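Colleague: Dropping the sequence and predicted coords here.
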Amino acid sequence: MTDVSYTAQTEQPEASLRDYYELMKPRVMQLVVFTAVVGLIAAPVSVHPVVGFASILFIAIGAGASGALNMWWDRDIDSVMKRTVKRPIPAGKVLPGEALNLGVALSGLSVMMLCLAGNLLAGAMLAFTIFFYIVIYSMWLKRSTPQNIVIGGAAGAFPPVIGWVVATGSMAIEPWLMFALIFMWTPPHFWALALFMRNDYDDAQVPMLTVTHGRPATRRHILIYTVLLFVLAVGTGFTSIGGPIYLAAAVILNVLFLKGAFAIWKRDEVIADADDYLVERKFFKLSLWYLFLHFGAILAEAILRPYGLGGWS
């Protein structure tokens with residue numbers, strides 16, 4: 001991998017704590033923490049609050065480590081994409097070597113401590129998640145195939161499974177349903193972003209579906225994945241982690257999501273360009289709430305279930 005010459009000063013940047021925090025992708029960390037907490041609480045085994053808090057903390061640190069390593073590796077393409085050019089490394093606030101050292105140190109710390117606070121299986125899964133995100137997705141898939149976000153989306157889908165494993169020490173079908181929700185949500189979420197970011201991925205030579213197959217094909221793929229997601233999300237409502245609260249939320253959210261995907265599918269580029277991709281932007285914003293509200297409903301079912309108010313029992 002070749003370095004690029006940044007316009008910002010890179011000799012001795014004066015990095016603040018906020019710069020290092022931004023290096024760890026705090027927005028992604030928030031999603032990781034929330035879905036891991038849902039997986040932990042939805043599990044049928046109660047966890048001591050101290051153990052639960054410590055485990056979620058180390059999962060969050062692992063997510064931050066992944067973010068730092070991803071920014072270290074992607075610093076060349078981040079410097080040419082409008083969406084990422086202000087990140088700490090291309091902005092000249094943090095040196096690449098510092099990001100690498102931080103990512104490696106936090107990776108080791110988070111995995112080791114999760115093994116101690118939770119269990120060995122949870123620690124091993126966190127280690128695999130970090131490896132998958134950095135090596136499989138960032139270093140390999142992202143720059144080599146339009147299926148990058150499809151396969152690579154698995155990295156962001158592991159946290160609820162890890163949370164469940166912290167509580168139970170074993171696997172079950174329920175956390176993999178939560179995994180599947182995130183996995184199937186990721187492609188339409190990012191493809192919508194790719195549509196209205198227009199030339200960012202072309203400029204960075206990243207083979208996103210919009211670049212390799214064009215925007216009409218991307219629109220079709222968004223609709224197909226949204227239909228499959230509809231079936232999965234609503235069907236989950238009839239499982240042990242579902243219930244009337246979740247089912248009601250899933251039906252409403254997925255009808256809206258499907259409506260948005262259909263609106264994207266029937267558009268053409270002339271119309272889309274004329275209105276600055278407003279439909280795609282609206283769909284993308286809805287996708288941010290989509291995942292949060294689904295997992296919020298699963299959390300509500302889990303909290304109310306002991307009182308006979310959640311689930312189907």
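Modeller: Thanks, I have it.
Colleague: center of this protein - which residue?
Modeller: Centre of the chain computed as the mean C-alpha position; nearest residue by C-alpha atoms, centre = their mean is G156, 4.0 Å away.
Colleague: Now do the same contact list for that one.
Modeller: Counting by C-beta atoms under 8 Å, 6 or more residues apart in numbering, G156 touches 28, 31-32, 133, 182, 186. Heads up, the C-betas are built off the backbone N, CA and C, glycines and all.
Colleague: Make CSV from these and add neighbour count to it.
Modeller: Listed next are the contacts of G156 as CSV, based on neighbours: other C-beta atoms under 10 Å:
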residue, neighbour count
V28, 16
L31, 18
V32, 27
Y133, 24
I182, 23
T186, 23
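Colleague: Would you convert these into TSV that also reports secondary structure, pLDDT and distance to K282?
Modeller: Shown next, in TSV, are the contacts of G156 (DSSP: H, G, I helix; E, B strand; the rest coil; pLDDT from 0 to 100; distance: C-beta to C-beta, whole Å):
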residue	secondary structure	pLDDT	distance to K282
V28	helix	92	22
L31	helix	94	20
V32	helix	96	25
Y133	helix	97	29
I182	helix	97	21
T186	helix	97	19
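Colleague: Dump these to CSV, plus distance to V104.
Modeller: Compiled in CSV, the contacts of G156 are given as follows (distance: C-beta to C-beta, whole Å):
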residue, distance to V104
V28, 18
L31, 23
V32, 19
Y133, 14
I182, 26
T186, 26
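Colleague: what's the closest of those residues to K285?
Modeller: The shortest approach to K285 among the contacts of G156 belongs to L31, at 15.0 Å (C-beta to C-beta).
Colleague: give the contact list for the closest one.
Modeller: By C-beta under 8 Å, 6+ apart, the neighbours of L31 are 156, 159, 291-292.
Colleague: Let's see if you can find the most crowded of these.
Modeller: Within the contacts of L31, neighbour counts (other C-beta atoms under 10 Å) peak at P159, which reaches 31 neighbours.
Colleague: got a list of what that residue touches?
Modeller: With C-beta under 8 Å, 6+ apart as the criterion, the residues that contact P159 are 31-33, 35-36, 39, 59, 63, 129.
Colleague: what's the helix or strand bottoming out on mean pLDDT in the chain in contact with?
Modeller: The weakest-scoring helix or strand in the chain, judged by mean pLDDT, DSSP states H and E, is helix 269-274 (a mean of 77). For helix 269-274, the surrounding residues in contact (C-beta under 8 Å, 6+ apart) are 195, 215-216, 279-280.
Colleague: Next step: those restricted to helices.
Modeller: 195, 215-216, 279-280 (DSSP state H).
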